[in-house]
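>>> model the structure of this input:
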Amino acid sequence: MPQKLSAGRMTGFEGGLFDDSDVEDEFQSCYTEDDEWQDSEESLAEGSKDDLDEFSLRMFFKGVSASEGHGKGSGVSGIGVVMERSPGVPLIQVQKKLDFHVDELVAEHLALMDGLLAALQNGARRLYAFTDSEDLYYQIAETEILDDQLLIALGHRILELADKLEDFDLQLVSSFELERPLCLAKEAIGDSSVDNCPICGEEKLSSKMIKMNCFHKVCSDCMVIYVEHKLRTSQVPIRCPQVMCKNIISTSECKSFLPVTTYVLLERFSMEADTDNGDRILCPFRNCSGLLNPVYYLSSRASSSAQSDINRIECPECHRDICIGCQVPWHSLMTCVEYQNLPAAERDAEDNRLHHLERNTRRRRCQQCSRMIVLADGGYHMTC
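All right, here's what the predicted structure looks like:
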C-alpha cells in the first residue's frame, strides 16, 4: 500500500482534510479521489480518539533547548517522545539529552526523526504525530520551503523515514497536548527552567542563578562582578544587589560562586570591617567620592604588576589613575620616593610636570620667587 502523508489540525476534521476552501474547490472536480481522502480522514479522526490496531501509533514529541547566556551555541538540548495505542497509556518512550546545543526548532526536527525511527523499529505502519511547532508543521505537512540548509536536510530525512510507513499524519495541536514529551525532554537535560537576571537582564538557566537568603536571584557571573566591585570600593559587608533590599550577603553564601582568591579576600575584609574601617581611602580627585581599599589592590596585584606600577590603580568610580601608596593622582613622571621627597606645596599635577622638566632640561625654579629660570651658563646656584 503506498505511503500517504496527510496533515491537519486537532480543531476539527469534520470539514475535510484542508481548512482552505480554495484547496477544497480544486478537489471537488475529482469525486472519487475526494471520497478516498474523506474516508481516510474519518479513519484518522476515529484513530486519534480510540484504541488503535497493533500496527498504528499516536506519537507526541517535543524538542527543547536552554541557553546558558554565554553566547551562541552555549547551552543544552534534549528530546522527548511518547507513543501510545490507547489514549493516555504510553507504549514507547524516547528520552535523550543531545551531545550538543541546537536551536529549539532543530531540536523539534530531531525529536520527530527519533520518534519515526523508534516507530519503525517497533513495526509501526501507520503513525499519527502531533506537534505544537508551526514552523515544523508547515515545513513537513505543507511542504513549505525554508532558508536554513540544516532544517532542509533534516526535513528531507524526516520525509525519507515517513516514506517507509503506509500512512503518516502530522497534526498541529496546542502545547497543552504535549506535556508528557515536554517533561521527558526537560528531565533529559536536567534543570532547564530559566530565570531573568535583574543585573544583566539575560535569561539564565536556574542552575546558574544564585538565590540569597532574601530570596532574590542573580546569575553567578553578575554576582562575581558585583562582589569584586564591592571589595575594590571597600563596601563591606555586602548587601543584596536588588534595589531597596537591605539583606546582608554572608560570606558562606558567596563561597559557592566566588573564585577562591576572591573568597579569601572577602573573608579577610569581612573580619577587618568588624574591627576597623580606617584602611579605606577617598579618591583624591575633588569631583569624585569613591572609596578604595588599598589592601584589596595590593593583594590582588602584587604578583602580576611591575614594581614601578604596583601602586597604580584605577578608581572604580571616576576611572582615573591613582597612586594608592601616595594617595594622590598618579604621578607618571616620577617614582613614589621622588614624589614624597617633594615639598608639600609642590605635590600637585602641575608641579610634577615642572619637576620632570627641571630634571631633564637646563631649567630650574628660583627658591625665592618660584619662577622658572633657564640656565645659560655657569653653575646651578641661581637666585633673583
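>>> and the next element down the chain from the helix or strand where residue 227 lies?
Assigned by DSSP states H and E, residue 227 falls within helix 220-232. Later in the chain than helix 220-232, the nearest helix or strand by DSSP H and E is helix 251-254.
>>> contact partners of that next one?
210, 212, 213, 223, 227, 238, 263, 266, 267, 270 (C-beta atoms under 8 Å, 6 or more residues apart in numbering). For glycine as for every other residue, the C-beta is placed from the backbone atoms N, C-alpha and C.
>>> so for that helix, mean pLDDT?
Mean pLDDT, helix 251-254: 85.
>>> tell me the first helix or strand C-terminal of it.
Counting by DSSP H and E, the element after helix 251-254 in chain order, helix or strand, is helix 260-275.
>>> now the angle from that next one to helix 220-232?
Here the directions of helix 260-275 and helix 220-232 differ by 40 degrees (axes from the mean of the first three to the mean of the last three C-alpha atoms, to 10 degrees).
>>> give me the helices and strands touching helix 260-275, please.
For helix 260-275, the contact count by 3 or more C-beta pairs under 8 Å, 6 or more residues apart in numbering; DSSP states H and E identifies helix 220-232, helix 251-254, helix 294-301 as packing neighbours.
>>> what's the helix or strand for residue 53?
Here residue 53, judged by DSSP H and E, is contained in no helix and no strand.
>>> contact partners for it?
Contacts of residue 53 (C-beta under 8 Å, 6+ apart): residue 85.
>>> restricting to C-alpha, output the strand ranked longest in the chain in PDB.
Taking DSSP state E as the criterion, the chain has its longest strand at strand 56-67. Presented in PDB, the C-alpha positions along strand 56-67 are these (Å, rounded to 0.1, in the frame of the first residue of the first chain):
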ATOM      1  CA  SER A  56      -0.800   2.000  14.400                       C
ATOM      2  CA  LEU A  57       0.600   4.500  16.900                       C
ATOM      3  CA  ARG A  58       0.000   8.000  18.100                       C
ATOM      4  CA  MET A  59       3.200  10.000  18.700                       C
ATOM      5  CA  PHE A  60       3.600  13.100  20.800                       C
ATOM      6  CA  PHE A  61       7.100  14.600  20.600                       C
ATOM      7  CA  LYS A  62       9.000  17.700  21.800                       C
ATOM      8  CA  GLY A  63      12.400  19.100  21.400                       C
ATOM      9  CA  VAL A  64      13.800  21.700  23.900                       C
ATOM     10  CA  SER A  65      16.900  23.900  24.200                       C
ATOM     11  CA  ALA A  66      18.000  26.100  27.100                       C
ATOM     12  CA  SER A  67      20.700  28.700  26.600                       C
END
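>>> who does that strand pair up with?
Sheet partners assigned to strand 56-67 using DSSP bridges are listed as strand 75-84 (antiparallel), strand 126-131 (parallel).
>>> ranges for the helices of the stretch 101-250 of the chain?
104-121, 134-140, 149-162, 179-189, 220-232 (DSSP state H, counting those that start in this stretch).
>>> which stretches of this structure aren't confidently modelled?
Applying pLDDT under 70 to the chain flags the ranges 1-50, 68-74, 191-193, 272-280, 282, 289-291, 293-308, 344-384.
>>> tell me the domain boundaries of it?
4-189, 195-272, 278-330, 335-384 (automatic domain parsing).
>>> ok, the residue lying closest to residue 124 once chain neighbours are set aside to residue 165 distance?
Once flanking residues are discounted, residue 124 sits nearest to residue 57: 4.8 Å by C-beta to C-beta, 6 or more residues apart in numbering. Remark: distance between residue 57 and residue 165 (C-beta to C-beta, to the nearest Å) = 10 Å.
>>> give me the common contacts of those two.
119, 124, 126, 127.
>>> OK, contacts around the last one?
Just to be clear, that refers to residue 127. Contact analysis of residue 127 by C-beta under 8 Å, 6+ apart lists 56, 57, 59, 116, 119, 162, 165, 167, 168, 169.
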